[in-house]
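# Sharing a model that was predicted from the sequence below.
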Amino acid sequence: MKASKEQLVRLLESRDVRRRRKLYEYYEHYFQQQHSARFTIELINADLGFALVNRQDVKYIRAHCHLWKTAPPETAETKQHTVEKKSLKKEIWTNQEELKNPIFTGSKLDSL
């Protein structure tokens, strides 16, 4: 839920813990434009009508905004489909001499 401008002003005046995240959510378009910190502060304060945002707020938001971005919802095209692997049967190797002579064990030690 996006905060209104009045709620944002109250959060900034009271120095609330979540004020920076709400500030980013409300003015996300200013932070995406990659202006200087000073110019961003001037734009936001001019829009609010009060000098409530300072340089530390903008620096904090820029450092943490990548954590706050919401992931776009998955569409049908981007969903991963599971691929079934075909199981390969192992070939069983047999000693041909054992098949011919069932007594033969194939060990050299048996003849000793």
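Right, received. Where do you want to start? Because the structure is a prediction, the values reported are computed rather than measured.

# can you give me the helices for the protein?
With DSSP state H as the criterion, the chain has helices at 5-13, 19-26, 28-32, 37-48, 55-68, 96-100.

# can you redo those as TSV with distance to Lys86, mean neighbour count and mean pLDDT?
C-beta coordinates here come from the backbone N, C-alpha and C atoms, glycine included. Shown next, in TSV, are the helices of the chain (distance: least, C-beta to C-beta, whole Å; neighbours: other C-beta atoms under 10 Å; pLDDT from 0 to 100):
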stretch	distance to Lys86	mean neighbour count	mean pLDDT
helix 5-13	58	15	86
helix 19-26	49	19	88
helix 28-32	47	13	87
helix 37-48	57	15	91
helix 55-68	42	14	87
helix 96-100	30	9	68
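
# With distance to Lys89 as extra columns, can I get these in JSON lines?
What follows is the helices of the chain, written out as JSON lines (distance: least, C-beta to C-beta, whole Å):
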{"stretch": "helix 5-13", "distance to Lys89": "66"}
{"stretch": "helix 19-26", "distance to Lys89": "57"}
{"stretch": "helix 28-32", "distance to Lys89": "56"}
{"stretch": "helix 37-48", "distance to Lys89": "65"}
{"stretch": "helix 55-68", "distance to Lys89": "49"}
{"stretch": "helix 96-100", "distance to Lys89": "20"}
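
# which one of those helices lies closest to Val83?
helix 55-68 (32.1 Å; C-beta to C-beta).

# ok, and what's touching that closest one?
Arg19, Arg20, Arg21, Leu23, Tyr24, Glu25, Phe31, Ala37, Arg38, Thr40, Ile41 (C-beta atoms under 8 Å, 6 or more residues apart in numbering).

# quick one: that helix to helix 37-48, angle?
Relative orientation of helix 55-68 versus helix 37-48 (axes from the mean of the first three to the mean of the last three C-alpha atoms, to 10 degrees): 90 degrees.
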